[in-house]
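*Asks:* sequence first, then the predicted structure:
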Amino acid sequence: MKACAIVRAGGAEVFQMREMPTSTPAPNQILVRVSACAINPVDCKIRKGLVDIPYQYPLILGYDVSGVVETVGEGATNFKPGDSVFYCGPINLPGGYAEYHIVDQRLVMPKPFNLSHVEAASIPLVGLTAWEALFERGAITIGETILIQGGGGGVGSMAIQLAKWAGLTIFATDKTENGAFVRELGADYFIDYLKDDFLGKVKDLTKGRGVDVVFDTVGGETLARSFEAVRRDGRVVSIVEERKPMNLIPLFLRNATFHYEFMALAMTYGEFDHKRTVLSYLSTLIERNFICPVVKRTYPLAQAAEAHDCLENNRVPGKIVLEIRT
């Protein structure tokens, strides 16, 4: 099969198109003929060698897949050849920047009937991450307020839609050119992080109370200052790992809680069933038009390097997807 693999850790120049063997599905696995595979920040981190997993090269990246079942392994009775499916695969296994991909059937759901393969590929990782961050870590409830840092990004754009569906009032930060996009997704208040002091804006708009929940997709100083934007007894959830010490006193003074969300962790331990359950929730919301994909740019498989460059330089909001088969 044709694959766009990385031959070592490094910059976007490490991608090479290669002929690689097509694996045979083991028991409870399916072989998927890949139609589309989304690009995510974790792909870039793995490419750079920043994820502490002992990968072997050449390595195929890509964990958001939509495609058609080619063959099934023994005991894989949930699907049959010809079924259209979508899923997020484990980051410790070979990915979907290729013509074919092997996956455990417990991670897989039928593709939503109202989405193309390109659109479907944009959903799983960001949808699972946003769902777990908001509903499981952040424990959001109807009527609450939430500040979403980086609302125009892949995870942020999904979080806005889910928070709006759940009945929250949404404050979202991003740069000026993404303001209209963020509002269209459902943000009630847009804050330009390059021009405005988001902390002051949130304090003003909430009459000094702060928001019930902060969902951070940015990290660094943005996360540190977010501790002061949450109300007393509020919750802060981040998906960005921090390697430097952070001052948690603002949380202590508010009796607030801080949570990390690392969506891929359970899958690296072979815990798959919960992911499929959440993906089924997302599929239902998609088919009922409560949430939608936000694909802003596509590339052919051979241009994976260009797609990574686009993502890392933040040239577009929403999602970037590789089209493997049209």
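*Replies:* The structure has been received and is ready for your questions.
*Asks:* which non-adjacent residue is nearest I320?
*Replies:* Leaving aside its sequence neighbours, I320 sits nearest to I39 (CB to CB, 6 or more residues apart in numbering; 4.5 Å). Backbone N, C-alpha and C define where each C-beta goes, glycine included.
*Asks:* burial measure for that neighbour, as a count.
*Replies:* 29 (other CB atoms under 10 Å).
*Asks:* touching, it and L311? I think so.
*Replies:* Yes: taking contacts as CB atoms under 8 Å, I39 lies within contact range of L311: 5.3 Å.
*Asks:* and S35, what are its phi and psi?
*Replies:* When read as degrees, to the nearest 10, the backbone of S35 gives phi -100, psi -40.
*Asks:* okay, and the common contacts of I39 and L311?
*Replies:* I320 (CB atoms under 8 Å, 6 or more residues apart in numbering).
*Asks:* who are the contact partners of V32?
*Replies:* V65, G67, V68, V69, E70, V85, G96, Y100, H101, I102, V103.
*Asks:* show me how far the helix or strand that it is a member of is from its chain's centre.
*Replies:* Here V32 is covered by strand 29-39, with elements defined by DSSP states H and E. In terms of CA atoms, centre = their mean, to the nearest Å, the centre of strand 29-39 is found 17 Å from the chain centre.
*Asks:* give the residue farthest from the middle of this structure.
*Replies:* K207 (32.5 Å; CA atoms, centre = their mean).
*Asks:* please identify the helix or strand for it.
*Replies:* Judged by DSSP H and E, K207 forms part of no helix or strand.
*Asks:* any idea how the chain splits into domains?
*Replies:* 2-123+293-323, 126-260 (automatic domain parsing).
*Asks:* turn those domains into TSV, including mean pLDDT and distance to M267.
*Replies:* Output for the domains of the chain, formatted as TSV (pLDDT from 0 to 100; distance: least, CB to CB, whole Å):
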stretch	mean pLDDT	distance to M267
domain 2-123+293-323	96	4
domain 126-260	97	9
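*Asks:* returning to that earlier point: just the contacts of V32 now: which is nearest D188?
*Replies:* V65 (33.9 Å; CB to CB).
*Asks:* ok, residues contacting the helix ranked longest in the chain?
*Replies:* Scanning the chain for the helix with the most residues, using DSSP state H, yields helix 273-287. Residues outside helix 273-287 that contact it (CB under 8 Å, 6+ apart) are 86-88, 106-110, 112-115, 123-124, 127-128, 131-132, 162, 165, 266-267, 291-293.
*Asks:* from those, which would you call buried?
*Replies:* 86-88, 106-109, 112, 115, 123-124, 127-128, 131-132, 162, 267, 291-293 (16 or more other CB atoms under 10 Å).
*Asks:* which of the residues you listed fall in helices?
*Replies:* P124, G127, L128, W131, L162, M267.
*Asks:* not counting sequence-adjacent ones, nearest residue to the first one?
*Replies:* Translated: P124. Using CB to CB, 6+ apart, the nearest residue to P124 is C88, at 3.6 Å.
*Asks:* which stretches in the stretch 1-150 of the chain count as strands?
*Replies:* For the stretch 1-150 of the chain, the strands defined by DSSP state E, counting those that start in this stretch cover 2-6, 15-19, 29-39, 64-72, 84-88, 100-104, 109-110, 145-149.
*Asks:* with the stretch 151-300 of the chain instead?
*Replies:* 169-174, 189-192, 211-216, 230-238, 257-260, 295-300.
*Asks:* ok, which of those strands comes nearest E119?
*Replies:* strand 295-300 (5.9 Å).
*Asks:* then that closest one to PDB, C-alphas only?
*Replies:* Presented in PDB, the C-alpha positions along strand 295-300 are these (Å, rounded to 0.1, in the frame of the first residue of the first chain):
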ATOM      1  CA  VAL A 295     -13.100  21.300   7.700                       C
ATOM      2  CA  LYS A 296     -11.300  24.400   6.400                       C
ATOM      3  CA  ARG A 297      -8.600  22.900   4.200                       C
ATOM      4  CA  THR A 298      -7.800  19.500   2.500                       C
ATOM      5  CA  TYR A 299      -4.500  18.100   1.000                       C
ATOM      6  CA  PRO A 300      -3.700  14.900  -0.900                       C
END
